[in-house]
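**Q** predicted model follows, preceded by the sequence.
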Amino acid sequence: MNDYLDISAEVAYALANNQPVVALESTIISHGMPWPENAQTAKAVEQVIRDNGAIPATIAIIDGRLKVGLNEQEINTLGQAGQSVMKCSRRDLPFVVATQQHGATTVAATMIIAEMAGIRIFATGGIGGVHRGAQQTFDISADLQELAKTSVAVVCAGVKSILDLALTREYLETLGVPILGYNTDFLPGFYTRESDQTVDFNFSSPQSLSDFLTTKWAMNLTGGAVIANPIPEEFAMDKKVIDKVIEQALNEANELHILGKDTTPFLLSRVAELTAGDSLASNIQLVFNNARLAAKIAQQLTATST
Ligand code: PSU
Ligand code: MN
């Protein structure tokens, strides 16, 4: 297969036997949440996937090896090291592999490694996108280009308003990446169930989402899809409260001249600090919710491929 790839025995067995597998990323562990909630959440989300009938495959780079399926100790290592682990997108993968370091994989890098392993579906919290002010900075996450070329569907809670939602939507349209709502006509705003942006298509079941993906790939239309799953009502945040916090975090990032790959982790951690943990609680719940949906879609995908 690939000299750089290590697939855990459990995940390899599941893939060989056409059992449902869901990929999970690791930048959310090291850069998306604080220790120890990050590692606790990473382990709990694996359990949610198991409880919903699929096998979890958390993806990261350990000592230069592309790992599909982490053990508990590896998850703890990434969680404890936090921001000192290298955040790896497509550009960074050969560097951490060649220098045999640990790396936390973004949505883009996780998609690449999932596709190498033969995993079609991936659950996370939020994807990267077009940043506010991108007209000047050109700051557009490599996640979007990856969605255009790599055939893995990403279940997320929409796009955080640290980003420009309207530009993110336009950019995905240009790239031919569909935004599929799960029981929603609107692109969810991560902490909130809705935004002022619409999705492309609204689906009401894991089966119909699976049918869309199977058809897309059967037609050789390579590339991924964004599956937008709103945060459950009881965990959603007040829009005014979260908007104010995000404005403050964005202003601080500007004043401190935070640039490039440091921007998203800086904004995520400032938002968590400024809401004194409220946003973290919501963040954890929406990841669980996405894992549940991804596991159900994974089951449908394997059912159609037999
Ligand atoms: N958005 C979130 N939580 C996250 C991320 C984004 O709400 O943890 C992480 C993901 O790993 C995503 C990455 O792929 O940030 C995007 O970083 P950048 O904007 O530098 O491409
Ligand atoms: Mn960026």
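**A** Arrived safely. Ligands and ions are numbered 1, 2, ... in the order given.
**Q** show me what contacts the residue lying closest to residue 239 once chain neighbours are set aside?
**A** Distance criterion Cβ to Cβ, 6 or more residues apart in numbering; nearest residue to residue 239, sequence neighbours excluded, is residue 192 at 5.1 Å. The C-beta positions use only the backbone N, C-alpha and C, and glycine is treated the same way. Contacts for residue 192 (Cβ atoms under 8 Å, 6 or more residues apart in numbering) come out as 231, 236, 237, 239, 242.
**Q** what of residue 271?
**A** Here residue 271 is in contact with 162, 242, 245, 246, 249, 279 (Cβ under 8 Å, 6+ apart).
**Q** mean confidence score for stretch 281-291?
**A** Mean per-residue pLDDT for stretch 281-291: 96.
**Q** show me which positions of stretch 38-46 end up buried.
**A** Across stretch 38-46, burial judged by 16 or more other Cβ atoms under 10 Å covers 38, 39, 41, 42, 43, 45, 46.
**Q** list, one by one, the residues from the stretch 201-306 of the chain near ligand 1.
**A** With Cβ under 6 Å from any ligand atom as the criterion, the stretch 201-306 of the chain meets ligand 1 at residues 261, 264, 268.
**Q** change it to 8 Å
**A** Within the stretch 201-306 of the chain, the positions near ligand 1 by Cβ under 8 Å from any ligand atom are 260, 261, 263, 264, 265, 268, 283.
**Q** roughly how far apart are the fourth one and residue 293?
**A** Okay, so that is residue 264. Residue 264 is 23 Å from residue 293, where distance means Cβ to Cβ, to the nearest Å.
**Q** burial count for the residue of the stretch 201-306 of the chain found nearest ligand 1?
**A** For the stretch 201-306 of the chain, the residue positioned closest to ligand 1 under Cβ to the nearest ligand atom is residue 264, at a distance of 3.7 Å. Burial of residue 264 is recorded as 26 neighbouring residues (other Cβ atoms under 10 Å).
**Q** thought it was touching residue 141?
**A** Yes - between residue 264 and residue 141 there is a contact under Cβ atoms under 8 Å: 7.4 Å.
**Q** find residues that contact each of these two.
**A** With Cβ under 8 Å, 6+ apart as the test, residue 264 and residue 141 both reach residue 128.
**Q** of the contacts of residue 192, buried ones?
**A** For the contacts of residue 192, a burial check counting by 16+ other Cβ under 10 Å picks out 231, 236, 237, 242.
**Q** out of the residues you listed, which is nearest to residue 14?
**A** Proximity of the buried ones among the contacts of residue 192 to residue 14 (Cβ to Cβ) peaks at residue 231, which lies at 28.5 Å.
**Q** residues contacting that closest one?
**A** Residue 231 makes contact with 157, 188, 190, 191, 192, 193, 282, 285, 286, 289, according to Cβ under 8 Å, 6+ apart.
**Q** so which of the buried residues of stretch 38-46 belong to helices?
**A** Per DSSP state H, helices hold the following members of the buried residues of stretch 38-46: 38, 39, 41, 42, 43, 45, 46.
**Q** and those residues, which is closest to residue 208?
**A** residue 45 (24.2 Å).
**Q** distance check, the closest residue in space to residue 160 that isn't next to it in sequence against ligand 1.
**A** Leaving aside its chain neighbours, residue 160 sits nearest to residue 190 (4.2 Å; criterion: Cβ to Cβ, 6+ apart). For residue 190, the distance to ligand 1 equals 6 Å [Cβ to the nearest ligand atom, to the nearest Å].
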